[in-house]
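Colleague: test case, fold it:
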Amino acid sequence: MKRIVNNSILLLQVPLLYFSYYFFFLFKSFIPKVKFVIGTEEIATKNINDIGKVLDDSITVCLRKHKLYDLEYNHSISINNRFLRFFFLIFYGPILLGYLINKADFFFYVWSKGFLSNRNFEFRFLKSRNKKIICYFCGNDIRSLKLKIAYMKNKNLDTGESYYIKAFDDKYDEEKKEIALSADTYADLIFSFPKDNMSYLKSKQYPWRLPFDKKIFNKNYKKFPISKIKILHAPTNMMFKGTPLVRAAIKKLQIEGYVFDYVELQNEKNQIVLEHLKSSHIVLNQFYSLHPGLFGIEAMATNCAVLMSADPSIDTDITKGAENAWLITRYWEVYDNLKYLLDNHEKIKFYADNGYDYVYKYRTIEALGEYLNNVLEENKIN
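Modeller: Predicted coordinates:
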């Protein structure tokens, strides 16, 4: 049904795309040129915004904003009602794409959506106009839940994907195969998290570097020595992040007589989360993932001791220098490792300082810019 709907919409969008493309082609000499167009959906944190900061001569397009971030883009839609946004995009998407093709030569796609209802057709159209395509996959846009579960089982580890009903849905898996095939066929360069985003991609994948803006780094010297410990957990997906395990550990420690403040934030604006991080000592991040998420990076950048399952010995794409930047904590170790920090306050500062130094050196916007430009130059995308 979904395929039928998308193909029906495409029948309407194709003539709009051709009309827009040739209309703006007539005025091409008057259209200010840029090198990169970066878009189109900000589903996983703020990647479009970050890439726009580090790629010179670029414009950003956000057709679906992240609900927890208040960010500005060159072209965006601020329609909260998803049905109204869906119908608006049917017309706006192809018209905007036709204009941008006359404006830029490189199209940097974040997430698995595009300007049209069928990204495969969109990619073919771009390649027929000699445009370069870069794909960055962030998570469930490319991840095969079946492959991820099988991989983790081979490692004798459980995974958050096990709790998704879609993990056992053949149609869901077929969609991921189609997205991977499209990228393999048309993309000139692919970024992803090869281990954490286990997928059907056959092309070379460059690991991504989730960054944090140096302007927001905060090393709060008033945190130490600690008077009363503040523990923060801010899940975007409670099952995937291990919230039931966190709550169980917190409850057991409280029963045992440990005194601390526990704050749990759900679906709060990023600015509120950052404010809480400034006064937090321990952050409980995620316990089924192989790679550090943005919240973990934010926590280290604000001088917190982070507990999370990311392990450089398994996910070798984690930036080097991560040793002791956080306390590696699997889903069965949440209680034990949290108790260890509560019994050893000096270790809280140890991980907080190491994490801060690691992120400041390897995970800033500047570090992403250097890394990204090196990869682009290596692949002759310049």
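
Colleague: tell me the secondary structure of residue 313, please.
Modeller: Of the three states, residue 313 takes coil according to DSSP: H, G, I helix; E, B strand; the rest coil.

Colleague: how close does it get to residue 362?
Modeller: According to Cβ to Cβ, to the nearest Å, residue 313 stands 17 Å off from residue 362. Quick note: C-beta positions are derived from backbone N, CA and C, even for glycine.

Colleague: one more: residue 325?
Modeller: 9 Å.

Colleague: who has more neighbours out of those two?
Modeller: Ranked by neighbour count (other Cβ atoms under 10 Å), residue 325 and residue 362 place residue 325 first, with 26 against 19.

Colleague: so what's that one closest to, chain neighbours aside?
Modeller: Leaving aside its chain neighbours, residue 325 sits nearest to residue 358 (3.8 Å; criterion: Cβ to Cβ, 6 or more residues apart in numbering).

Colleague: burial count for the one you found?
Modeller: For residue 358, using other Cβ under 10 Å, the count is 22.

Colleague: same check, this time on residue 331
Modeller: Close neighbours of residue 331, defined as other Cβ under 10 Å, add up to 16.

Colleague: ramachandran angles for it?
Modeller: Backbone torsions for residue 331, taken as degrees, to the nearest 10, come to phi -60, psi -20.

Colleague: give the contact list for it.
Modeller: Taking Cβ atoms under 8 Å, 6 or more residues apart in numbering, we find residue 331 in contact with 158, 242, 245, 287, 288, 309.

Colleague: most neighbours, which of the residues you listed?
Modeller: residue 242 (28 neighbours).

Colleague: surely it is in contact with residue 332?
Modeller: No. Using Cβ atoms under 8 Å, residue 242 is not in contact with residue 332, being 10.3 Å away.

Colleague: need the residue closest to the centroid of the chain.
Modeller: Centroid-nearest residue in the chain, with Cα atoms, centre = their mean: residue 44, separated by 3.9 Å.

Colleague: look up how far residue 291 lies from residue 167.
Modeller: Residue 167 is 19 Å from residue 291, by Cβ to Cβ.

Colleague: so for these two, which residue has more residues nearby?
Modeller: residue 291 (24 against 17).

Colleague: what sits closest to that one if chain neighbours are left out?
Modeller: residue 196 (4.0 Å).

Colleague: ok, residue 92 next?
Modeller: Nearest residue to residue 92, sequence neighbours excluded (Cβ to Cβ, 6+ apart): residue 77, at 7.2 Å.

Colleague: quick one: contacts for that neighbour?
Modeller: 62, 63, 64, 65, 85, 88, 89, 92.

Colleague: list buried residues within those residues.
Modeller: Buried by 16 or more other Cβ atoms under 10 Å: 62, 63, 64, 65, 85, 89, 92, out of those.

Colleague: show me which of those residues is closest to residue 30.
Modeller: residue 92 (21.8 Å; Cβ to Cβ).

Colleague: and residue 174, what element?
Modeller: helix 170-186 (DSSP states H and E).

Colleague: report the contact partners of residue 125.
Modeller: 17, 101.

Colleague: then the one 5 residues further on?
Modeller: By Cβ under 8 Å, 6+ apart, the residues touching residue 130 are residue 105.

Colleague: same question for residue 34.
Modeller: 57, 58, 59, 103, 104.

Colleague: adding distance to residue 378 as columns, could you present the residues you listed in JSON lines?
Modeller: Below are the contacts of residue 34 laid out as JSON lines (distance: Cβ to Cβ, whole Å):
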{"residue": "57", "distance to residue 378": "19"}
{"residue": "58", "distance to residue 378": "19"}
{"residue": "59", "distance to residue 378": "24"}
{"residue": "103", "distance to residue 378": "26"}
{"residue": "104", "distance to residue 378": "21"}
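
Colleague: which one of those residues sits in the busiest neighbourhood?
Modeller: residue 104 (21 neighbours).

Colleague: so that residue: helix, strand or coil?
Modeller: Assignment for residue 104 (three-state DSSP): coil.

Colleague: can you tell me, leaving aside adjacent residues, what's nearest to it?
Modeller: In space, residue 104 is closest to residue 37, 4.5 Å off (Cβ to Cβ, 6+ apart).

Colleague: is the one you found in a helix, a strand, or coil?
Modeller: Residue 37 - assigned by three-state DSSP - is strand.

Colleague: try the one 3 residues further on
Modeller: For residue 40, the secondary-structure state derived from three-state DSSP is strand.

Colleague: when you give positions from now on, start the count at 625
Modeller: Taking 625 as the first residue, the last one we looked at is residue 664.

Colleague: just give the number of residues close to it.
Modeller: Residue 664: 28 neighbours (other Cβ under 10 Å).

Colleague: now swap in residue 983 and tell me
Modeller: Neighbourhood size, residue 983 [other Cβ under 10 Å]: 30.

Colleague: which neighbouring elements make contact with the helix or strand in which it is found?
Modeller: Secondary structure from DSSP H and E places residue 983 in helix 969-986. Helix 969-986 is packed against helix 918-925, strand 929-932, helix 958-967, with contacts defined by 3 or more Cβ pairs under 8 Å, 6 or more residues apart in numbering; DSSP states H and E.

Colleague: other residues contacting it?
Modeller: For helix 969-986, the surrounding residues in contact (Cβ under 8 Å, 6+ apart) are 833, 836, 838, 841, 843, 847-850, 853, 905-906, 921, 923-930, 943-946, 948-951, 964-965, 991.

Colleague: let's see that with 6 Å instead.
Modeller: Contacting residues not belonging to helix 969-986 are listed as 843, 848, 850, 905, 921, 924-925, 927-930, 943, 945-946, 948-951, 965 [Cβ atoms under 6 Å, 6 or more residues apart in numbering].
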